[in-house]
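>>> Provided below are the primary sequence and the corresponding predicted coordinates.
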Amino acid sequence: MQVTVKLFATFRKGRFDVEVREVPPGTTVSRIVEEAKLPEKEIGIVLVNSRHADLAKALADGDTLAIFPLVGGG
Amino acid sequence: MDKILRVDMGAEGGPKTRIEPVGEFAGLGGRAMTTAIVSREVHPLCHPLGAENKLVIAPGSLSGTAASMSGRISVGCKSPLTGGIKESNAGGQAAQVLARLGYAAIVLEGKPEGDDLYKIFINKDGVQVSVDNSLKNLNNYPLVEKLQGQYGERAAFMTIGIAGEMKLLAASIACTDPEKRPTRHCGRGGTGAVMGAKRVKAIILDDAGLKMRPPKDPEKFRDANRRFVEGLRKHPITGEGLPAYGTNVLTNVLNEAGAYPTNNFRTGRFGGAARIAGEVQAELEVKRGGSATHGCHRGCVIQCSGIYHDKDGNYVTKQPEYETVWAHGGNCGIDDLDVIARLDYLDDNFGVDTMDTGAAVGVAMEAGLIPFGDGPGAIRLVEEIGKGTPLGRILGCGAAVTGKVFGVERVPVCKGQAMAAYDPRSVMGIGVTYATSTQGADHTAGYSVGPNILKSGGNLDPLNPEGQVEMSRNLQIATAAVDSTGMCLFIAFPLLDQPDTFQALLDMIGAFHGVPVTGDDVTALGKSILKMERDFNTRAGFSKADDRLPRFFLQEPIPPHNVTFTVKDEDLDNVFNW
Ligand code: SF4
């Protein structure tokens, strides 16, 4: 199945902004995090199709996953 | 800070100054001070532009000390925009300088006859109020440049541009940054119009020959400040994200979360978001020789600001904030950072709130004056404000007035003040704050976006009404207290996430005054401020009906989540029942 992975802020450094990936069915957010070598403790916000999700969330075909470090402003 | 300066602008024979001991207001700073004076001394039914209103300017209780981040200045009055009490705060140098001069507040009272324009100069030797009609019609940048020629490099300036002189409802008061640029604004609620009504064009503050305010217990103070700064540096938001990308790091977050108000709150997603987001903005600033990391006042260790240059490397404006990039950007369908930076400069120069102005342009687009996405058209509209044309005056009075004049139903305001860059349907917690804040729609009054979207300071589903009232209440209480210290609100991220950093701040306040301070004291202060503000608004004629969102937020679902605002009215009525 295909998922779109988007990275933001410091997570882009040395990685990518957006990538469409072919992954096996049942792939979890945490699997993608490992593959992208993202430091788990720095993860602030995970959105799957614009909804907050945790690392255990299993992705479905066509999902968009957005991963941010902890950020703020306002 | 043991004295209060009162300037009666309406005194017979010209303005009279009087310096009083701080008396019953002792120990108060920032919002606590402005709110205490306004609620006690201003008639709630007065006309905001009349002689009965007062403009209160107060540095935070820690301003002028060696405490990091303590450079916020509060301005309070009855707001011409909302008709209720107002406290609007800004960074820049003014708070530190005014505090070192020893003033806990400046209170501008009365109103002069005639059309002379005044400036007020304050230094260690005293106060001079003088007529200077050569300042008429000058906007903030040329005004400050001219005054700097007269008053030198050291002084800090608080000024109004043409919008304040015209008493437009979205007029701001500009405060100069360390480079003496009028870039930090008390933007919200039309405080600049009140200063204009009192015919004060500029306040010049010079602390030459004065020292930092000394703490009662210097050793403990130094230690607490060190722990406090360590806490700010180690938290990912204040130590990494804000310095690197500024507040505009939020564009992608809110857009991905489907909560980014686009084309005047029609959808929660903006196709052009990636082109105006903080990641791109920071890169562009560095590439063009500006800067992505800059402090709005000396003593800021977070440095969320920056300097924006044009493609030829010339200064345009300070780094436009997230709210500005949204108001003039996605909210108007504009995805060009150069257009947005130009609008930010125009707003600062004329002296208008970037949020209410951007929201007014969005409403004008909704009315069909120009199409969504028309960058050059938006610049032309905002330039009308500087020209003082009837159209410019309408836009410079903000979104609510613009909506009325052009017959628009979708106008994103509460108590007459424009909302910020978070849709209240897809971030319900911020909807509670918009609806119930004493200030009108104001995201900073209780930043529920933290727990709702950013997962900082808590974790609450933004699309579910449960728990939002309680969260907004607690944040509104905490914010009122922080706004009284002179501390930049961004310290709230580490404060809410790291108990030891919160403790360091309490210790610092305690060491400064020589009396230990607890978390309960902070909560009690916040509550007392909100109580005074609510009471003023009630006496000014506000009721439950004013604590509601415009109806379209309850009726029109917003994509992509297709949700409406579903916090119950009864629950909104309980925000201030603690
Ligand atoms: S963090 Fe930003 S807004 Fe706060 S004091 Fe520093 S530069 Fe100013």
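That came through fine.

>>> using the three-state scheme, assign the closest residue to chain B within chain A.
Minimum separation of chain A from chain B (C-beta to the nearest C-beta) falls at A:Gly73, amounting to 3.2 Å. For every residue, glycine as well, the C-beta is placed using N, CA and C. Of the three states, A:Gly73 takes coil under DSSP: H, G, I helix; E, B strand; the rest coil.

>>> show me the contacts for the residue lying closest to it once chain neighbours are set aside.
With sequence-adjacent residues excluded and distances taken as C-beta to C-beta, 6 or more residues apart in numbering or on different chains, A:Gly73 is closest to B:Thr247, at 3.2 Å. Residues in contact with B:Thr247 (C-beta atoms under 8 Å, 6 or more residues apart in numbering or on different chains) are A:Gly73, A:Gly74, B:Gly278, B:Cys304, B:Glu321, B:Tyr322, B:Glu323.

>>> confidence score at residue 70?
By default, I'm working from chain A. A:Leu70 is assigned a pLDDT of 92 by the prediction.

>>> wait, chain B was what I had in mind.
According to the prediction, B:Ser70 has pLDDT 96.

>>> dump the residue contacts of it.
B:Ser70 is in contact with B:Gly60, B:Leu62, B:Ser63, B:Gly64, B:Ala95, B:Gln96, B:Gly299, B:Thr485, B:Gly486, B:Met487, counting by C-beta under 8 Å, 6+ apart.

>>> 6 Å instead?
Counting by C-beta atoms under 6 Å, 6 or more residues apart in numbering or on different chains, B:Ser70 makes contact with B:Gly60, B:Leu62, B:Ser63, B:Gly486, B:Met487.

>>> got a markdown table for those residues, with distance to chain A and neighbour count too?
Converted to a markdown table, these look like this (distance: C-beta to the nearest C-beta, whole Å; neighbours: other C-beta atoms under 10 Å in any protein chain shown):
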| residue | distance to chain A | neighbour count |
| --- | --- | --- |
| B:Gly60 | 18 | 32 |
| B:Leu62 | 21 | 30 |
| B:Ser63 | 21 | 30 |
| B:Gly486 | 18 | 30 |
| B:Met487 | 14 | 28 |
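
>>> nearest to the ligand, of these?
Sorting the contacts of B:Ser70 by distance to the ligand puts B:Met487 at the head of the list, at 8.6 Å, by C-beta to the nearest ligand atom.

>>> let's verify that closest one: helix, strand, or coil?
Going by three-state DSSP, the state assigned to B:Met487 is coil.

>>> B:Val408 versus the residue of chain A closest to chain B, what's the distance?
Applying C-beta to C-beta, to the nearest Å, one obtains 29 Å for the distance of A:Gly73 from B:Val408.

>>> next, count neighbours for the closest residue to the ligand within chain A.
Closest residue of chain A to the ligand, C-beta to the nearest ligand atom: A:Gly73 (9.1 Å). Each residue near A:Gly73 was counted by other C-beta atoms under 10 Å in any protein chain shown, and the total is 26.

>>> now do the contacts for it.
B:Thr247, B:Val249, B:Leu250, B:Tyr322.

>>> residue closest to the middle of chain A?
Among the residues of chain A, the one closest to the centroid is A:Ile67, at 4.1 Å (C-alpha atoms, centre = their mean).

>>> that residue: which element?
In this structure, A:Ile67 is located in strand A:64-69 according to DSSP states H and E.

>>> can you confirm whether that strand lies near chain B?
Yes: under the criterion of C-beta under 6 Å from any C-beta of the partner chain, chain B is reached by strand A:64-69 at A:Ala66, A:Phe68, A:Pro69.

>>> phi, psi for the residue of chain A closest to the ligand please.
Dihedral pair for A:Gly73: phi 170, psi -130, per degrees, to the nearest 10.

>>> same thing with A:Arg51?
Note on A:Arg51: its backbone torsions stand at phi -110, psi 140 [degrees, to the nearest 10].

>>> could you do B:Gly358 as well?
Dihedral angles phi and psi of B:Gly358 (degrees, to the nearest 10) take the values phi -60, psi -40.

>>> how many neighbours does it have?
Once other C-beta under 10 Å is used to define contacts, B:Gly358 is seen to have 32 neighbours.

>>> contacts only, for the nearest residue to it once chain neighbours are set aside.
Counting by C-beta to C-beta, 6+ apart, the nearest residue to B:Gly358 once its immediate chain neighbours are dropped is B:Ala327, at 2.4 Å. Applying C-beta under 6 Å, 6+ apart, we find B:Ala327 in contact with B:Thr354, B:Met355, B:Gly358, B:Ala359.

>>> let's go with 10 Å and repeat that
The neighbourhood of B:Ala327, defined by C-beta atoms under 10 Å, 6 or more residues apart in numbering or on different chains, consists of B:261, B:320-321, B:340, B:343-344, B:347, B:353-362, B:399, B:418-421.

>>> for the strand holding A:Ile67, packing partners?
The contact analysis (3 or more C-beta pairs under 10 Å, 6 or more residues apart in numbering or on different chains; DSSP states H and E) places strand A:64-69 against strand A:2-7, strand A:18-22, helix A:29-35, strand A:43-48, helix B:250-256.

>>> mind putting these into JSON lines with distance to B:Gly14?
Conversion of these to JSON lines gives the following (distance: least, C-beta to C-beta, whole Å):
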{"stretch": "strand A:2-7", "distance to B:Gly14": "63"}
{"stretch": "strand A:18-22", "distance to B:Gly14": "65"}
{"stretch": "helix A:29-35", "distance to B:Gly14": "69"}
{"stretch": "strand A:43-48", "distance to B:Gly14": "57"}
{"stretch": "helix B:250-256", "distance to B:Gly14": "48"}
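
>>> could you redo those as CSV and give each row mean neighbour count, distance to the ligand and mean pLDDT?
Output for these, formatted as CSV (neighbours: other C-beta atoms under 10 Å in any protein chain shown; distance: least, C-beta to the nearest ligand atom, whole Å; pLDDT from 0 to 100):
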stretch, mean neighbour count, distance to the ligand, mean pLDDT
strand A:2-7, 18, 25, 98
strand A:18-22, 11, 29, 97
helix A:29-35, 17, 30, 97
strand A:43-48, 20, 18, 96
helix B:250-256, 27, 13, 98
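
>>> what about B:Lys568, neighbour count?
For B:Lys568, the neighbour count with other C-beta under 10 Å is 10.

>>> for it, give its distance to the ligand.
Relative to the ligand, B:Lys568 is positioned 35 Å away (C-beta to the nearest ligand atom, to the nearest Å).
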